[in-house]
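Undergrad: Got a predicted structure here, sequence first:
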Amino acid sequence: MGTSVRYNESAVFATNIFEPFAQERADARSNYHGTGLGMSIVKKMIDKMGGTISVTSEVGKGSAFVVELPFEMGAAPEKSKKEEADKENSIYGLNLMLVEDNELNAEVAEILLEDEGAIITMVNDGQQAVELFNNNPVGTFDAILMDIMMPVMDGLTATKAIRALNRPDAGIIPIIAMTANAFAEDV
């Protein structure tokens, strides 16, 4: 409140600090210009809340005010449906295979996914994706992000090859198409 500066000079005055209109030096030569009500108003407010305020003061060093208010700990707030949905839809900790031949697109996607906590393994074409999937144990990848138009083997051919593999996760691993071709005829 600014009024604490006024009370730095005298520890004796600290006992009267909460009285209305109290000022340590109220003479004409005083540099302080206030009504002396600030600390008394603070004390009344703290009293109404069932709390306490105390002051310790040392000449030339300053004053310390301690406010104690009796608040009860509230119950933890319930998580909103949005927070629950966000948690359910989180990719944090997922192992994702990113199949993208364009270096810039791959770098941008990798940064965005890693910022969300995903673990990314990147390959440059569909053939590499099929080989990587087939050469790793079941459950290595949680999903595959597959570019559609790539050299060597395109995304559709790679997806069909992965689905045809003789392993339990080949038919169920989510393979998500990534493409700039978003027109109705491309679908």
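TA: On my side now, so go ahead.
Undergrad: The protein: helices as residue ranges?
TA: Listed from the start of the chain, the chain has helices (DSSP state H) covering 38-48, 81-88, 103-115, 126-134, 155-163.
Undergrad: correct me, but P70 touches I46?
TA: No - applying CB atoms under 8 Å as the test, P70 and I46 come out as separate, 10.6 Å apart. Every C-beta, even on glycine, is put in place using the N, C-alpha and C of the backbone.
Undergrad: Please identify which of those two sits among more neighbours.
TA: Ranked by neighbour count (other CB atoms under 10 Å), P70 and I46 place I46 first, with 16 against 8.
Undergrad: Would you mind measuring from the spatially closest residue to the more buried one that is not a sequence neighbour to A64?
TA: Nearest non-adjacent residue to I46, counting by CB to CB, 6 or more residues apart in numbering: I53, 4.9 Å away. Counting by CB to CB, to the nearest Å, the gap from I53 to A64 is 11 Å.
Undergrad: if you count what's nearby, which of these two comes out ahead?
TA: More neighbours surround I53 than the other of I53 and A64, with 17 against 11 (other CB under 10 Å).
Undergrad: Report whether the expected contact of the more buried one with L69 is present.
TA: No - the criterion here is CB under 8 Å, and I53 misses it with L69 at 9.5 Å.
Undergrad: overlap in contacts of the two?
TA: Shared contacts of I53 and L69 (CB atoms under 8 Å, 6 or more residues apart in numbering): I46.
Undergrad: Could you list the low-pLDDT ranges of the chain?
TA: 1-18, 20-36, 79, 81-87, 181-187 (pLDDT under 70).
Undergrad: so who does the residue nearest the centre of it touch?
TA: With the centre of the chain defined as its mean C-alpha position, the nearest residue by CA atoms, centre = their mean is E116, 11.4 Å away. Residues near E116 by CB under 8 Å, 6+ apart: S90, I91, Y92.
Undergrad: Just give the number of residues close to the second one.
TA: By other CB under 10 Å, 14 other residues sit near I91.
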